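In: Build me a model from this:
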Amino acid sequence: MTNPWKEAMLHVSSSTVPFASLMALLAISAFATWLQATVGFGYALLAVPLVSFWFAPHDAIVIVFLDSCVVSLFMAGVDRESVQWDDTWRLSIAAIITMPIGAVVLLYVSGATLQLLLAALTAIVAITGLRTSQKLRALSQRWWHAWLAGAACGILTTSIATNGPPVVAYLQRRSLTAPQFRSTLSAVFTITNIVALVVFLVSGLISSLVITCSVLALPAVAAGYGCARWTTPRIDAQLYARLTNVLLLGLSATLLWRGLNPSA
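Out: Numbers count the residues shown, from 1 in each chain. This is a model prediction of the structure:
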């Protein structure tokens, strides 16, 4: 009896993508899903730099985006009763308004420049995470804080698929419980991802290769999510987050080098 998933992988690898690249995509997808399900965010932030080592930056961004839609949908359904809808709608509406700007960046900015943008963003998030290992103080709220974070999220969603940092920074200062934090993040990501998918389709950024690779990675996404559901109660999420930030710093340095030396 034939295995359709294995046949599809062999077909893609024999035609356009090396088999090693597909294996790397599966491993990265599983690990990044585990990270997001454990600490509430980080799938695209970790996966985009890693996948860009194996795929062209533009393709890597869209592949990771499509699979991140599934991850966010999974997580949004788990703690949906804890979603803070006032924050969710403000962040989402602001993000939707600015998404076309990010799509223009992705369409017209070179792969090397995108790698430099990824390196800078990854370094900023990693350094900020390492410096704020203790619980952040609640932020004195202003009406424009959520709108600013959402606008930045929208641009990042459709340009480099790493929409988490501004939303995470905003929600971390809202004194939310862990379920509220994770579920509100996932709700924002789910809503913005649906709109971003339309933007990507209209912009012609979703190719057959991107769709095929994203679909092939879904079993790894499911495996990573299932593993996280089992391991999350058994590990120190704060320690894991610190180790992840150290890893992100290393990725940032590597991306910076590759962006400055595109022929290497």
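In: Setting the sequence-adjacent residues aside, check what's closest to residue 157.
Out: Leaving aside its chain neighbours, residue 157 sits nearest to residue 163 (4.0 Å; criterion: Cβ to Cβ, 6 or more residues apart in numbering). (Glycine included, C-beta is placed from N, CA and C.)
In: got the contact list for the one you found?
Out: Listed by Cβ atoms under 8 Å, 6 or more residues apart in numbering, the contact set of residue 163 reads 44, 95, 153, 154, 156, 157, 189, 192.
In: 7 Å instead, please
Out: The contact partners of residue 163, by Cβ atoms under 7 Å, 6 or more residues apart in numbering, come to 44, 153, 156, 157, 189, 192.
In: ok now do the fourth one, which residues does it touch?
Out: Contacts here follow Cβ under 7 Å, 6+ apart; on that basis residue 157 touches 95, 99, 102, 163, 192, 196.
In: tell me the two of the residues you listed that are most distant?
Out: Farthest-apart pair in the contacts of residue 157 is 102 and 192; separation 10.6 Å (Cβ to Cβ).
In: Tell me the secondary structure at residue 55.
Out: Classification of residue 55 using DSSP: H, G, I helix; E, B strand; the rest coil returns coil.
In: Might one say that it is in contact with residue 21?
Out: Yes: with contact defined as Cβ atoms under 7 Å, residue 55 counts as touching residue 21 (6.4 Å).
In: quick one: which of the two has more around it?
Out: It is residue 55, of residue 55 and residue 21, that has more neighbours when counted by other Cβ atoms under 10 Å, with 21 against 17.
In: Give me the distance between the more buried one and residue 192.
Out: 23 Å (Cβ to Cβ, to the nearest Å).
In: Same check on residue 39?
Out: For residue 39, the distance to residue 192 (Cβ to Cβ) stands at 19 Å.
In: Equivalent analysis for residue 24, please.
Out: For residue 24, the distance to residue 192 - Cβ to Cβ - is 27 Å.
In: More neighbours: which of these two?
Out: Higher neighbour count among residue 24 and residue 192: residue 192, with 27 against 16, using other Cβ under 10 Å.
In: I'd like to check which residues are in contact with the spatially closest residue to that one that is not a sequence neighbour.
Out: Nearest non-adjacent residue to residue 192, counting by Cβ to Cβ, 6+ apart: residue 95, 4.6 Å away. Contact analysis of residue 95 by Cβ under 7 Å, 6+ apart lists 150, 151, 153, 154, 157, 192.
In: redo that, cut-off 10 Å
Out: Residues in contact with residue 95 (Cβ atoms under 10 Å, 6 or more residues apart in numbering) are 102, 147, 149-158, 163, 166-167, 188-189, 191-193, 195-196.
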